[in-house]
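Peer 1: Sharing a sequence plus its predicted fold:
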Amino acid sequence: MSIAILSAISLMCVDGAMAARPAQEFVLAQAETNSVGAETKSEKIEAEDLAAPAIRTAEPGADAVSGDLRDDYEGPLAFENDSDDAVVEKMISWLEDLDTLKGDFTQVAPSGAISEGKFYLRRPGLLRFEYEPPAPLLIVANGGMVYVRDEELETTDSYPAGKTPLKFLLQKNFDRDDARIVSVDRGVDTVAVTFASDDEETEGELTLIADAPDLKLRRWIVRDLQGGITVVTLDNVIYGERLANNLFRAPEAGGRFLDR
């Protein structure tokens with residue numbers, strides 16, 4: 001698979017004219033709204049702020065934390081008495097126990113374009129992203145495949161979910177043999193773990209950022225091999241609610257199978 005895939009997951013992007021691009025830029029970064037749509041948002045999100053892990057860190061010996069916190073914010077780092085390996089195991093255990101999630105998302109693509117919409121996750125393997133206009137996209141993961149429906153072009157493209165780092169989020173049993181831990185970062189109330197795959201066909205890295213100590217998922221970041229970053233921030237998240245099967249029905253066919 002060439003580098004165009006999270007990223008969401010890059011499979012497909014929509015540029016300023018909503019034209020399809022080669023499918024390999026992160027799975028979830030693929031709905032770039034046009035520049036007019038992004039600029040007219042009443043509460044425009046700064047891409048630089050979202051692109052950063054947004055984890056509150058403290059320098060050794062410093063009283064204040066840096067990053068997105070006020071200078072006077074003080075506190076111990078999350079899980080400060082645990083090793084990195086222990087923190088990773090906490091995150092993996094939380095993932096394996098996770099059943100369903102739903103809520104709102106805000107996505108910032110590598111270009112800085114901003115998209116919003118609704119998301120639904122049912123583990124293992126099921127994911128749905130409904131993008132608000134002007135992005136004409138629907139992304140559904142089901143049966144080991146990711147489908148991208150473009151209503152404007154009336155096409156549905158697909159590719160194997162296992163070739164994106166989002167597979168770590170969708171697996172029933174986390175594949176420790178495949179996963180490589182890139183980094184563990186702690187903040188005063190957040191923790192971030194970055195995963196990569198030892199499988200050369202899986203492109204990019206996935207960072208999961210969760211509140212600590214309860215490990216409620218706040219955001220994920222997908223980085224492609226060329227350094228492009230796609231950030232998905234979650235809001236109004238509801239855990240454990242039953243999600244209907246038809247939410248994850250594969251969109252109407254008619255596009256390409258992308259395996260390059």
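Peer 2: Structure's in. What do you need? Fair warning: this is a prediction, and the values are worked out from it, not measured in the lab.
Peer 1: Now the helix ranked longest in the chain: buried residues?
Peer 2: Determined from DSSP state H, the single longest helix within the chain is helix 84-97. Buried residues in helix 84-97, defined by neighbour count with 16 or more other Cβ atoms under 10 Å: 87-88, 90-92, 95. (Each C-beta comes from the backbone N, C-alpha and C, glycine too.)
Peer 1: Can you tell me which member of those has the lowest pLDDT score?
Peer 2: Minimum pLDDT across the buried residues of helix 84-97 is recorded for L95, with 91.
Peer 1: For E132, see how far away it is.
Peer 2: According to Cβ to Cβ, to the nearest Å, L95 and E132 sit 28 Å apart.
Peer 1: now do D177
Peer 2: Look at D177 and E132: by Cβ to Cβ, they are 39 Å apart.
Peer 1: just D178 next, same as before
Peer 2: When distance is defined by Cβ to Cβ, D178 is 34 Å away from E132.
Peer 1: And the helices in the chain, which stretches?
Peer 2: Under DSSP H, the chain gives helices at 35-39, 47-51, 84-97, 167-170.
Peer 1: Least confident of those, on average?
Peer 2: helix 35-39 (a mean of 37).
Peer 1: Any stretches of the stretch 51-200 of the chain with poor pLDDT?
Peer 2: 51-74 (pLDDT under 70).
Peer 1: show me what contacts the residue nearest to P124 when sequence neighbours are not counted?
Peer 2: For P124, ignoring the flanking residues on the chain, the nearest one in space by Cβ to Cβ, 6 or more residues apart in numbering is K172 at 3.5 Å. Listed by Cβ atoms under 8 Å, 6 or more residues apart in numbering, the contact set of K172 reads 96, 123-125.
Peer 1: One more: D175?
Peer 2: By Cβ under 8 Å, 6+ apart, the neighbours of D175 are F168.
Peer 1: how far away is it from T233?
Peer 2: In terms of Cβ to Cβ, D175 sits 26 Å off from T233.
Peer 1: now do T202
Peer 2: 23 Å.
Peer 1: Repeat that for T156.
Peer 2: T156 is 26 Å from T233, by Cβ to Cβ.
Peer 1: what do you get for K90?
Peer 2: To T233, K90 is 22 Å away according to Cβ to Cβ.
Peer 1: can you check R176 too?
Peer 2: For R176 relative to T233 (Cβ to Cβ), the value is 27 Å.
Peer 1: Same question for P76.
Peer 2: Taking Cβ to Cβ, one finds P76 at 25 Å from T233.
Peer 1: list the helices and strands the longest helix of the chain packs on?
Peer 2: Packed against helix 84-97 by the contact rule (3 or more Cβ pairs under 8 Å, 6 or more residues apart in numbering; DSSP states H and E) you find strand 179-186, strand 190-197, strand 205-211.
Peer 1: Specify the angle between the first one and strand 205-211 in degrees.
Peer 2: Calculated by axes from the mean of the first three to the mean of the last three Cα atoms, to 10 degrees, strand 179-186 forms an angle of 40 degrees with strand 205-211.
Peer 1: which other residues reach strand 179-186?
Peer 2: In contact with strand 179-186 (Cβ under 8 Å, 6+ apart) are residues 53, 55, 57, 77-80, 84, 87-88, 168, 191-198, 205, 212.
Peer 1: same thing but 7 Å
Peer 2: Residues from elsewhere that reach strand 179-186, judged by Cβ atoms under 7 Å, 6 or more residues apart in numbering: 53, 55, 57, 77-79, 84, 87-88, 168, 192-198, 205.
Peer 1: Just the CA atoms of that strand, as PDB, please.
Peer 2: Output in PDB follows, covering the C-alpha atoms of strand 179-186 (Å, rounded to 0.1, in the frame of the first residue of the first chain):
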ATOM      1  CA  ALA A 179       2.400  -4.100  18.000                       C
ATOM      2  CA  ARG A 180       5.600  -2.100  18.700                       C
ATOM      3  CA  ILE A 181       5.400   0.600  21.400                       C
ATOM      4  CA  VAL A 182       6.900   3.800  20.000                       C
ATOM      5  CA  SER A 183       6.400   6.000  23.100                       C
ATOM      6  CA  VAL A 184       4.500   6.400  26.300                       C
ATOM      7  CA  ASP A 185       3.800  10.000  27.400                       C
ATOM      8  CA  ARG A 186       2.200  11.000  30.700                       C
END
